[in-house]
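Trainee: Please find the sequence and the predicted model below.
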Amino acid sequence: MHTLTHSDLLVVDGLQINNWDRKVLEELRAGGVTGVNATCAVWDGPTDTLGAVAQWYQLAADNNDIVTLAETSEDIRTAKRDNRIAVLLGFQNSSPFGDDYRMVEIFHRLGVRVAQLTYNIQNLAGGACYDEHDSGLTAFGRILIGEMNRVGMLVDLSHVGNRTCLDAIDASERPVAITHSNPTWFVDSPRNKPDEVIDALAARGGVIGCCLYPNVLGGETTSSSDFAVMVARLVDQIGPDHVAIGSDCTRNWSEDYVAWLRNGRWRPPSQNPVEPEWPMWPNWFSGPSDFPVLTECLHDVGLDDETIAKILGENWLRLFDDVFPGLHETQERR
């Protein structure tokens, strides 16, 4: 018997990459989402990223009745009590750090709490999921992870190559995350992760956010039942403490933005293998307002209340509690 309703849960989404405005924020409130890792940089260098962070400061100030910029797990718990949305600023690439490890601390001081090492292609930190040959973690990547551990910034491996993922899990002194991917046994996509990576992540205390983005979900025809069965099988595989949600919602963007996501500044749009366009989402989940459907389908697949509460938020909070304080015993810079 289930006694928890969706409104009882503290819901945290491992990643959304919306074009944020008040309307999108209201969609999160409608879906009962309290905490979210909000991407504010992908291909941006340090200077452009400063502007993106400043935009978030302004958006939060203009909508402070419903949103707060969070830096700790307790900020998220407080937001739940206040019926507000707690936003963790995050990067989906290490390009905001440029070639300077000191930028990790700078952006941490500005409120950034999550950073993905690579986005789809090789960079200074390591290999990515669409590289033909994954180089593994570079010397610079190891230094970045050391700095992220030190200051208290979560390492994200979602778009990272499998070899680089394993290197990063091994190199990190704190658990890491795959904020928005699925197992390759569910959908065989370069963006999803094989058991070797998922098992290593969980063994070191990490969390994987099961993803609703159609390209890694199997397309718009994948059912809510299919998704729930996948989540339940993953719970059986790595345990209920390591599975969460990372929807990868992409609300309020034009078609131009998906071209930017795929190309950045490294590839001319004319060299796209196909014309970039947003994929069609399944009719049961088109955005953050549909989060109650996830609670319902996880109930239907037979997961208990405690496990569902972990998947929909508590596992992210536990990971944040572990990572965000940083390594106090080694606070002096290396």
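Mentor: Structure received. Numbers count the residues shown, from 1 in each chain.
Trainee: And the pLDDT for residue 103?
Mentor: Model confidence at residue 103, given as pLDDT, is 98.
Trainee: residues near residue 225, how many?
Mentor: The number of residues packed around residue 225, counting by other C-beta atoms under 10 Å, is 12. Glycine gets a C-beta too; all of them are placed from N, C-alpha and C.
Trainee: what do you get for residue 68?
Mentor: Neighbour count for residue 68, taken as other C-beta under 10 Å: 18.
Trainee: In terms of helix, strand or coil, where does it fall?
Mentor: The assignment at residue 68 comes out as strand when based on DSSP: H, G, I helix; E, B strand; the rest coil.
Trainee: OK, contacts around it?
Mentor: Applying C-beta atoms under 8 Å, 6 or more residues apart in numbering, one finds that residue 68 lies in contact with 60, 75, 78, 79, 82, 84, 85, 86, 87.
Trainee: make it 7 Å
Mentor: The neighbours of residue 68, taking C-beta atoms under 7 Å, 6 or more residues apart in numbering as the test, are 60, 75, 79, 84, 86.
Trainee: same thing with residue 26?
Mentor: When the contact criterion is C-beta under 7 Å, 6+ apart, residue 26 has no partners at all.
Trainee: Please report which of the contacts of residue 68 has the highest neighbour count.
Mentor: Counting neighbours by other C-beta under 10 Å, residue 86 leads the contacts of residue 68 with 25 neighbours.
Trainee: mind checking the longest helix of the chain?
Mentor: As assigned by DSSP state H, the longest helix anywhere in the chain is helix 46-62.
Trainee: ok, and for that helix, which residues are buried?
Mentor: When burial is assessed from 16 or more other C-beta atoms under 10 Å, helix 46-62 yields the following buried residues: 46, 49, 50, 52, 53, 56, 59, 60.
Trainee: how close does the first one sit to residue 320?
Mentor: Read it as residue 46. 25 Å (C-beta to C-beta, to the nearest Å).
Trainee: hmm, back to that, and the buried residues of helix 46-62 as JSON lines, adding distance to residue 30 and pLDDT?
Mentor: Converted to JSON lines, these look like this (distance: C-beta to C-beta, whole Å; pLDDT from 0 to 100):
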{"residue": "46", "distance to residue 30": "35", "pLDDT": "98"}
{"residue": "49", "distance to residue 30": "30", "pLDDT": "98"}
{"residue": "50", "distance to residue 30": "32", "pLDDT": "98"}
{"residue": "52", "distance to residue 30": "25", "pLDDT": "98"}
{"residue": "53", "distance to residue 30": "26", "pLDDT": "98"}
{"residue": "56", "distance to residue 30": "21", "pLDDT": "98"}
{"residue": "59", "distance to residue 30": "18", "pLDDT": "98"}
{"residue": "60", "distance to residue 30": "19", "pLDDT": "98"}
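Trainee: Any chance of TSV for those residues, columns distance to residue 104?
Mentor: Putting those into TSV (distance: C-beta to C-beta, whole Å) gives the following:
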residue	distance to residue 104
46	11
49	12
50	14
52	16
53	14
56	18
59	24
60	22
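Trainee: Figure out the helix or strand that residue 291 lives in.
Mentor: helix 291-300 (DSSP states H and E).
Trainee: mind listing what's buried in the very next helix or strand once past that helix?
Mentor: The helix or strand immediately downstream of helix 291-300 is helix 305-309, counting by DSSP H and E. Within helix 305-309, the residues that qualify as buried are 305, 307, 308, 309, counting by 16+ other C-beta under 10 Å.
Trainee: how about the residues you listed in CSV, adding pLDDT?
Mentor: Compiled in CSV, those are given as follows (pLDDT from 0 to 100):
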residue, pLDDT
305, 97
307, 98
308, 98
309, 98
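Trainee: quick one, strands of the stretch 101-250 of the chain?
Mentor: Shown for the stretch 101-250 of the chain, the strands assigned by DSSP state E, counting those that start in this stretch span residues 112-116, 154-156, 177-178, 207-210, 243-245.
Trainee: now the last one, how far from the centre of its chain.
Mentor: The gap between the average C-alpha position of strand 243-245 and the chain average comes to 10 Å, counting by C-alpha atoms, centre = their mean, to the nearest Å.
Trainee: isn't residue 19 right up against residue 252?
Mentor: Yes - here residue 19 lies in contact with residue 252, judged by C-beta atoms under 7 Å, at a distance of 3.9 Å.
Trainee: Pick out whichever of the two has more residues nearby.
Mentor: Taking residue 19 and residue 252 together and counting by other C-beta under 10 Å, residue 252 has the greater number of neighbours (14 against 11).
Trainee: mind checking how far the more buried one is from residue 199?
Mentor: Between residue 252 and residue 199 the computed distance is 36 Å (C-beta to C-beta).
Trainee: does the closest residue in space to residue 70 that isn't next to it in sequence sit in a helix, a strand or a coil?
Mentor: Taking C-beta to C-beta, 6 or more residues apart in numbering as the measure, residue 70 lies nearest to residue 86, with 3.8 Å between them; neighbours along the chain are not counted. Look at residue 86: counting by three-state DSSP, its state is strand.
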